[in-house]
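**Q** Coordinates for the following, if possible.
(one chain, ligands or ions: 1)
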Amino acid sequence: MNKTSNQLPKKSLGFFPTPLTELKRFSDHLKGPRIFIKRDDLTGLAFGGNKTRKLEFLIADALSLECDTLITAGAAQSNHCRQTAAAGFIEAIKELQIQVDDLDTKISHIVFPTSSGGTHSGMMIGNSIFAQNKFKLIGIGIDKGEAGDLPLDEHVLNLANSTCEKLNLDVKYTLKDVMIRNEYLGDGYGIVGDLERRAIRLLAETEGILVDPVYTGRALGGMINMIEKKELSLDDIVLFWHTGGSPALFLYSEEITQKCTGESL
Ligand SMILES: Cc1ncc(COP(=O)(O)O)c(C=O)c1O
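**A** A predicted model of the protein is given here:
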C-alpha cells in the first residue's frame, strides 16, 4: 500500500469532520443496541449530503484540467468519475476513525444507503486502510438490485477493486466483502411506504433529526427492521451514516404525513 486518496488533489468545499453523535432516545425507543449517527447531512454545501465529499475531488480534478464548466449526470458517470467519488468516502472512514478514537466505545456496524456504489466502495477501501477494528458495512439498496448490466454487489466490487488499482493499493476484494440488503426496495425508487414514513417520524420525534424519504429514510427503515428482527443485537454498536438528501422532504410532504397502515390517528 503505497498510495492513498490523500495523493489525489482535493478542493475544500464543505465543513469537515461532520458531527458524530449518539441517538440515545431513538435507541431506547427501539430497545436496541447503542446507535450513533454520522451527520453528512450537515456538510454545509447547499443542503449538505454525501455528494460534497466526492465533489471536493471532482472539482479539484476539473480545475487541474483547466475546466471552467462542470456537467454531471446521475448514474451515467464515467468510471474515472466514480473512482474519484469513492475517494471521498475513503477519506470519510479516516475521519470517522479519528472520531471513534475519542469515544469511550467502538463501532461494530455501519449502515448506509447504497445506490450508484461510490459511497459503498469508498467505505470498503477506507475500512481496509484506516479502520482499527474493521467495521461491518451494511449497504441498504435503494433503487434496484442492479447497476447497469450487473447486480449491484458486483458493481460495487468492481468499483472497489478498480479504485484500489488506480491508487496502487495492494488490496483485492471478493463478493463476500460486499454486503447489500435489497429487501427494503418496497414499491420501487422514490415510492414512499410505511417503512420510510415510520423511520422518518421516529427519528424526528425522538431526536429532532430529519432523514429524507428516498435514501436515508429507506436505509434507516431497513436498520430499524434489522434491530427489530434482532439481526443487530444489544452487543452491537451501530453507526447510521446520514448521507443527506433533505431537500426531498419538501417534495414528499404529502406522502410523509399520510397515516401508516394500522395507525388510528
Ligand atoms: C442522499 C443520498 N444518499 C445516498 C446516496 C447513494 O450514494 P451512492 O450513489 O454513492 O451509492 C445518494 C445518491 O444519489 C444520495 O443522494
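**Q** all strands of the stretch 101-250 of the chain, in order?
**A** Using DSSP state E, counting those that start in this stretch, the strands of the stretch 101-250 of the chain run over 109-114, 136-141, 146-147, 150-151, 180-181, 237-242.
**Q** State the number of residues packed around residue 64.
**A** 11 (other C-beta atoms under 10 Å). For glycine as for every other residue, the C-beta is placed from the backbone atoms N, C-alpha and C.
**Q** correction: residue 52
**A** Residue 52, neighbours per other C-beta under 10 Å, totals 21.
**Q** ok, residues contacting the helix or strand harbouring it?
**A** Assigned by DSSP states H and E, residue 52 belongs to helix 51-64. Residues from elsewhere that reach helix 51-64 (C-beta atoms under 8 Å, 6 or more residues apart in numbering): 5, 8-14, 40, 43-45, 70, 72, 81, 84-89, 91-92, 118, 244.
**Q** just stretch 135-155 next, same as before
**A** Counting by C-beta under 8 Å, 6+ apart, 75, 93, 107-117, 119-120, 123-124, 127, 156, 158, 175, 178-182, 184-185, 188-189, 214-215, 218-219, 222-223, 226, 239 sit against stretch 135-155.
**Q** filter those down to the ones near the ligand?
**A** Restricting these to those near the ligand by C-beta under 6 Å from any ligand atom leaves 113-117, 119-120, 215.
**Q** Closest one of those to residue 31?
**A** residue 113 (24.4 Å; C-beta to C-beta).
**Q** if I read this right, the closest one contacts residue 218, doesn't it?
**A** Yes - with contacts counted by C-beta atoms under 8 Å, residue 113 reaches residue 218, the gap being 6.4 Å.
**Q** Which residues of the stretch 51-200 of the chain lie near the ligand?
**A** 113-120.
**Q** Could you find which two of the ones next to the ligand among the contacts of stretch 135-155 are furthest from each other?
**A** Longest span within these, C-beta to C-beta: 117 and 215, 13.5 Å.
**Q** Ends of stretch 233-251, what's the gap?
**A** End-to-end distance for stretch 233-251: 35 Å, by C-alpha to C-alpha, to the nearest Å.
**Q** list the buried ones in that stretch?
**A** By neighbour count on 16 or more other C-beta atoms under 10 Å, the buried set for stretch 233-251 is 236-246, 248-249.
**Q** What subset of the contacts of helix 51-64 is buried?
**A** Burial by neighbour count, judged by 16+ other C-beta under 10 Å, picks out 5, 8, 10, 13-14, 40, 43, 81, 84-89, 91-92, 118, 244 from those.
**Q** What about these, which are in helices?
**A** 81, 84-89, 91-92, 118 (DSSP state H).
**Q** mind giving me a markdown table with these and columns for pLDDT?
**A** As requested, these are exported to a markdown table (pLDDT from 0 to 100):
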| residue | pLDDT |
| --- | --- |
| 81 | 78 |
| 84 | 81 |
| 85 | 80 |
| 86 | 92 |
| 87 | 91 |
| 88 | 93 |
| 89 | 95 |
| 91 | 95 |
| 92 | 97 |
| 118 | 93 |
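**Q** The ligand: which of the residues you listed is nearest?
**A** Closest approach to the ligand among those (C-beta to the nearest ligand atom): residue 118, at 3.6 Å.
**Q** Leaving out chain neighbours, which residue sits closest to the closest one?
**A** residue 85 (3.5 Å; C-beta to C-beta, 6 or more residues apart in numbering).
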